[in-house]
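Novice: give the three-dimensional model of this entry:
(2 chains)
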Amino acid sequence: MKSFFNPVWILTEKEFRVEFRSRVAINGLLMFVLVSVALIAFSVGYVKLSPPVFFGLMWLSLFFSAMYGLSRTFVAETDQGTADFLRQLAKPSQIFLAKFLFNFLLSNGIILVLTLVFVFFFDPPGVNWFFLISGFFLGATALASCTTFLASLVAQADSKGALFPVLSFPLIIPLIMTLVSWTHKCTLENPGGLLWEPFSVLIAYIGITLTASLILFDFIWD
Amino acid sequence: MKPVSSAFQWFTGIWIFLIVISGMLLPIPYIPILKETARNIYFHVPQSFAMVFILCFSFWNSFQYLRKRDLRFDMKAESAASVGMLFGITTIVTGAVWADYTWGVFWNWDPKQTLFLGLLFVYGAYFVLRLSVDDPQKRALLGAAYNLFAFVMMPFLVFILPRLLPGLHPGAPEDGGANNPVFTGINLLIRVMLYSSVLGFCMLAYWLYTIRTRLLILKSKF
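Specialist: Next up, the predicted model:
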């Protein structure tokens, strides 16, 4: 078991090393988050946002920031021509898990920054912060688990263009709907019991996407 | 792929003809808001059944492609997906016309309506992905992988979330916690008619699928 996971850690560390060497993705993402929030502020900043609108806008900006950031790991691999070296080094499932871990940490980072910026710029509705943050964590995990596999598909296509958002958006609709209902329930008095339903949907979503990606990734990576 | 036998063609044609005539003429119980438009249950609902039925063929052929790497399976998967799209579009259109008469507007963001549109986006994305790859084997491989990945997400879009989120379609949860039924104490005649119509539309979908597959195979030879 240890020998299976060893390359996963090494590859994840490699992802971060490559990222911090150029810092293209991180800085680009930060600017993207700030610009999208500023855009929202210019268009609706002068009104007090009701909870559904506040969280709807927040999930929307998360979605677009994720579309910018999450496909990079695989696309950079084919752009720089390093994919073949990677094939020599590790099994497909190990590579997938490493990319997933990187995307998982990245999407959690995005959502952390996004939340701070949103709370800073807009007056946040009164919420149960514990449940809200666990919802963010689950949402970021689900986002990473769904999009990592799609990014590997996009990386192999010839004309990449807007392909990544086009492929991801329909599969993320159920996720966004569940997350919006989750965060909306966090504004209620005692959300604990009500959250069971979206919680089970999110867990099932993460389980299904991860399993399907791990099985299918073997076929497309060879 | 062999064409369907002429007996099958005659049977399907006469069956659909009888369904349309008897669906229009047979008596239907009085239901407050629906009134005579309730007859649409014989056309709108079976078309969505036929769509899921034919998408199962698409799923199966994509799976077979990944196992055997034979391009004929890829053509079958593509043609089944396009027939599925056709039935999806007719479902949306018949549903929208029905909604205009009963709910007052063509489109009112009922979860089932919205998520069904999401399902159409999934297959739209499948065709976009196919267009963006040049090499036929690679196109088949990426298409099959996306098709399998999307198919396992389909339950979220059409079966799970519409039963969890409040909406106007039958099956959506109501305030009491129960799910609202289609027809209270569903009538035996409606049941028989509905299931025969499902059978008829599934046969029609299969017929279209064989024609389309033969067309694609012919095209690939020239």
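Novice: interface residues of chain B facing chain A?
Specialist: B:66, B:111, B:114-115, B:118-119, B:121-122, B:124-125, B:128-129, B:132-134, B:138, B:141-142, B:144-146, B:148-150, B:152-153, B:156-157, B:160-161, B:164-165 (CB under 8 Å from any CB of the partner chain). Every C-beta, even on glycine, is put in place using the N, C-alpha and C of the backbone.
Novice: are any of these buried, and which?
Specialist: Among the residues of chain B next to chain A, those classed as buried by neighbour count (16 or more other CB atoms under 10 Å in any protein chain shown) are B:66, B:111, B:114-115, B:118-119, B:121-122, B:125, B:128-129, B:132-133, B:141-142, B:144-146, B:148-150, B:153, B:156-157, B:160-161, B:164-165.
Novice: can you give me the strands for chain A?
Specialist: Assigned strands in chain A: none (criterion: DSSP state E).
Novice: quick check: closest non-adjacent residue to the most centrally placed residue in chain B.
Specialist: With distances taken as CA atoms, centre = their mean, B:Met51 lies nearest the centre of chain B, 1.8 Å away. Closest residue to B:Met51 in three dimensions, ignoring its sequence neighbours and counting by CB to CB, 6 or more residues apart in numbering or on different chains: B:Phe87, at 3.9 Å.
Novice: quick check: which element contains that neighbour?
Specialist: Using DSSP states H and E, B:Phe87 maps to helix B:71-102.
Novice: does anything pack onto the helix or strand that that helix is followed by? Which helices or strands?
Specialist: With elements assigned by DSSP H and E, the helix or strand that comes after helix B:71-102 is helix B:111-131. For helix B:111-131, the elements it packs on are helix A:163-186, helix B:71-102, helix B:136-154, helix B:161-164, judged by 3 or more CB pairs under 8 Å, 6 or more residues apart in numbering or on different chains; DSSP states H and E.
Novice: next, format those as JSON lines and append distance to A:Arg21 and mean pLDDT.
Specialist: Listed next are the helices and strands packed on helix B:111-131 as JSON lines, based on distance: least, CB to CB, whole Å; pLDDT from 0 to 100:
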{"stretch": "helix A:163-186", "distance to A:Arg21": "23", "mean pLDDT": "88"}
{"stretch": "helix B:71-102", "distance to A:Arg21": "40", "mean pLDDT": "93"}
{"stretch": "helix B:136-154", "distance to A:Arg21": "30", "mean pLDDT": "92"}
{"stretch": "helix B:161-164", "distance to A:Arg21": "42", "mean pLDDT": "78"}
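Novice: as JSON lines, those helices with distance to A:Phe131 would be great.
Specialist: Formatted as JSON lines, the entries for the helices and strands packed on helix B:111-131 read as follows, by distance: least, CB to CB, whole Å:
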{"stretch": "helix A:163-186", "distance to A:Phe131": "5"}
{"stretch": "helix B:71-102", "distance to A:Phe131": "35"}
{"stretch": "helix B:136-154", "distance to A:Phe131": "26"}
{"stretch": "helix B:161-164", "distance to A:Phe131": "18"}
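Novice: those: which one's closest to B:Leu216?
Specialist: B:Leu216 lies closest to helix B:71-102 among these, at 4.2 Å (CB to CB).
Novice: just checking, what packs against that closest one?
Specialist: Packed against helix B:71-102 by the contact rule (3+ CB pairs under 8 Å, 6+ apart) you find helix B:44-68, helix B:111-131, helix B:136-154, helix B:188-221.
Novice: so for the last one, what gets flagged as buried?
Specialist: Buried residues in helix B:188-221, defined by neighbour count with 16+ other CB under 10 Å: B:190, B:193-194, B:196-210, B:212-213, B:216.
Novice: roughly how far out does that helix sit from the chain middle?
Specialist: Helix B:188-221 sits 10 Å away from the centroid of its parent chain (CA atoms, centre = their mean, to the nearest Å).
Novice: between helix B:71-102 and it, find me the angle.
Specialist: Calculated by axes from the mean of the first three to the mean of the last three CA atoms, to 10 degrees, helix B:188-221 forms an angle of 140 degrees with helix B:71-102.
Novice: what's the mean pLDDT across helix B:188-221?
Specialist: Helix B:188-221 comes out with an average pLDDT of 92.
Novice: any residue of the lengthiest helix in chain A up close to chain B?
Specialist: Of all segments of type helix in chain A, defined using DSSP state H, the longest is helix A:92-121. No. Counting by CB under 8 Å from any CB, chain B is not contacted by helix A:92-121; separation bottoms out at 12.3 Å.
Novice: just checking, what packs against that helix?
Specialist: Using 3+ CB pairs under 8 Å, 6+ apart: helix A:92-121 touches helix A:2-22, helix A:24-44, helix A:51-69, helix A:72-79, helix A:129-156, helix A:196-221.
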